[in-house]
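Enquirer: quick one, fold the following:
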Amino acid sequence: MDVVSMKDLFSDTGRPDLSPDARTALAQADVIVGVDVATQREFTIFGTPSFEETVQLNTEVAMNTVRVELDEGAGELNKLVALVRSIKARP
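Expert: Numbering: from 1, shown residues only. Here you go, the predicted model:
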């Protein structure tokens, strides 16, 4: 499981600025989970159909998972969702 921080995804100005490794990790992920650093609360940001099947059938399937550490109180959850949408929408 890869762990990425918001600093790996955004510049100091708040604009997307992904390192090649971070972009590849997000693009290849089957599941992307946001983790609030203050509360350790987790948010599923992205999950492929195989992830949904795993949850529904209560079975184990190996999936490429990326956890992104974020500060929900600073609005980073919304920024991450928008970034993941833009990456996952590309062919």
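
Enquirer: tell me, what residue is most central in this structure?
Expert: Ile32 (3.5 Å; CA atoms, centre = their mean).

Enquirer: any idea what that residue is bridged to?
Expert: In this entry, Ile32 is beta-bridged to Phe46, Val66, by DSSP bridges.

Enquirer: isn't it up against Met63?
Expert: No - Ile32 sits out of contact with Met63 when judged by CB atoms under 8 Å, with a separation of 10.7 Å. Placement of C-beta: from N, CA and C, glycine included.

Enquirer: where's the residue lying farthest from the centre of the chain relative to Ser50, distance?
Expert: Largest separation from the mean C-alpha position in the chain: Leu57, at 23.1 Å (CA atoms, centre = their mean). Separation of Leu57 from Ser50 (CB to CB, to the nearest Å): 10 Å.

Enquirer: so where's this structure shaky on pLDDT?
Expert: By pLDDT under 70, the low-scoring segments of the chain are 1, 51-52, 55, 59-60, 90-91.

Enquirer: what residues sit buried inside stretch 34-47?
Expert: The neighbour-count check on stretch 34-47 (16 or more other CB atoms under 10 Å) flags 34, 36, 45-47 as buried.

Enquirer: can you list those residues in CSV and add distance to Lys88?
Expert: Formatted as CSV, the buried residues of stretch 34-47 follow (distance: CB to CB, whole Å):
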residue, distance to Lys88
Gly34, 14
Asp36, 21
Ile45, 10
Phe46, 6
Gly47, 11
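
Enquirer: what's the most distant pair in those?
Expert: In terms of CB to CB, the buried residues of stretch 34-47 reach their longest pairwise distance at Asp36 and Gly47, which sit 18.2 Å apart.

Enquirer: for Leu70, give the beta-bridge partners.
Expert: If you apply DSSP bridges, the partners that Leu70 bridges to are Asp36.

Enquirer: the longest helix that the chain contains - contacts with which helices or strands?
Expert: Longest helix in the chain, counting residues (DSSP state H): helix 76-88. Under the contact definition 3 or more CB pairs under 8 Å, 6 or more residues apart in numbering; DSSP states H and E, helix 76-88 sits against helix 20-28, strand 31-36, strand 42-47, strand 65-70.
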